[in-house]
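Colleague: Make a model of this:
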Amino acid sequence: MRILILLLSPFASLGSQQSEAPEIVWVESPKHFNCNPSEISFKDSISISLGESSFDELAIFRESDKTWLFLVVGGAPEEMNSLMSPSELKSTKVLSLNSETTGFRWEYNGYNEKIFTVSGKYTVYNSDTLESEVGGYKCDIVVTGN
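Modeller: All right, here's what the predicted structure looks like:
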């Protein structure tokens, strides 16, 4: 029995170390970051209202195929068709996304593609550094057929 306890001890400490990792906090706060309307069809557009404390970067996560599409980032690659610069985003109060809006797939041989291509849930993220543990604001959109 004593040997079994000694063998299991390293695994118990590993589990406690993993739970201490900070959780990324994404806040839903219509006062600071709001998607309106929250449900659209492919022919509609969505307005995103940014409060006084908006951040520098913007991306959308398409739930159906688990795809991240970046719209505004610092240090964007040349191939990226940015919606605007980070400083412009920070000073913008309202922006509009429609069926022609593209985002950038940040992957090997990344490319721009239309964001709203399939029905389903999309989450819009606003942060100072999207690919970090900083967190920021988020809001959800549902795109319905036609």
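
Colleague: check contacts around the most centrally placed residue in the chain.
Modeller: Nearest residue to the geometric centre of the chain (Cα atoms, centre = their mean): Y125, 3.5 Å. Listed by Cβ atoms under 8 Å, 6 or more residues apart in numbering, the contact set of Y125 reads 26, 58-61, 136-138. (C-beta placed from N, C-alpha, C; glycine too.)

Colleague: Let's see that with 10 Å instead.
Modeller: The contact partners of Y125, taken as Cβ atoms under 10 Å, 6 or more residues apart in numbering, are 26, 33, 55, 57-61, 68, 70-71, 135-139.

Colleague: can you check E107 too?
Modeller: 67-68.

Colleague: make it 8 Å
Modeller: E107 neighbours (Cβ under 8 Å, 6+ apart): none.

Colleague: just to revisit the earlier point, K43 versus the residue nearest to the centre of the chain, what's the distance?
Modeller: Going from Y125 to K43 by Cβ to Cβ, to the nearest Å gives 24 Å.

Colleague: which residues of this protein score low on pLDDT?
Modeller: 1-22, 146 (pLDDT under 70).

Colleague: same thing but at 80, please
Modeller: Low-confidence segments of the chain (pLDDT under 80): 1-24, 27, 29, 52-54, 129, 131-134, 146.

Colleague: That one: helices as residue ranges?
Modeller: Secondary structure of the chain, counting by DSSP state H: helices at 2-19, 86-91.

Colleague: E28: neighbouring residues, count only.
Modeller: Residues lying near E28 (other Cβ atoms under 10 Å) number 13.

Colleague: any residues touching stretch 94-102, and which ones?
Modeller: 42-50, 60, 69, 71, 81, 83-84, 89, 112-116.

Colleague: Only the buried residues of that stretch, if you could.
Modeller: Within stretch 94-102, the residues scored as buried using 16 or more other Cβ atoms under 10 Å are 95, 97, 101-102.

Colleague: Tell me which two of the residues you listed sit farthest apart.
Modeller: Greatest spatial distance among the buried residues of stretch 94-102 (Cβ to Cβ): L95 and T102, at 13.9 Å.

Colleague: Flag every buried residue along stretch 121-134.
Modeller: Buried residues in stretch 121-134 (16+ other Cβ under 10 Å): 122-127, 130.

Colleague: repeat for stretch 51-61
Modeller: Of the residues in stretch 51-61, 54-61 count as buried by neighbour count, 16+ other Cβ under 10 Å.
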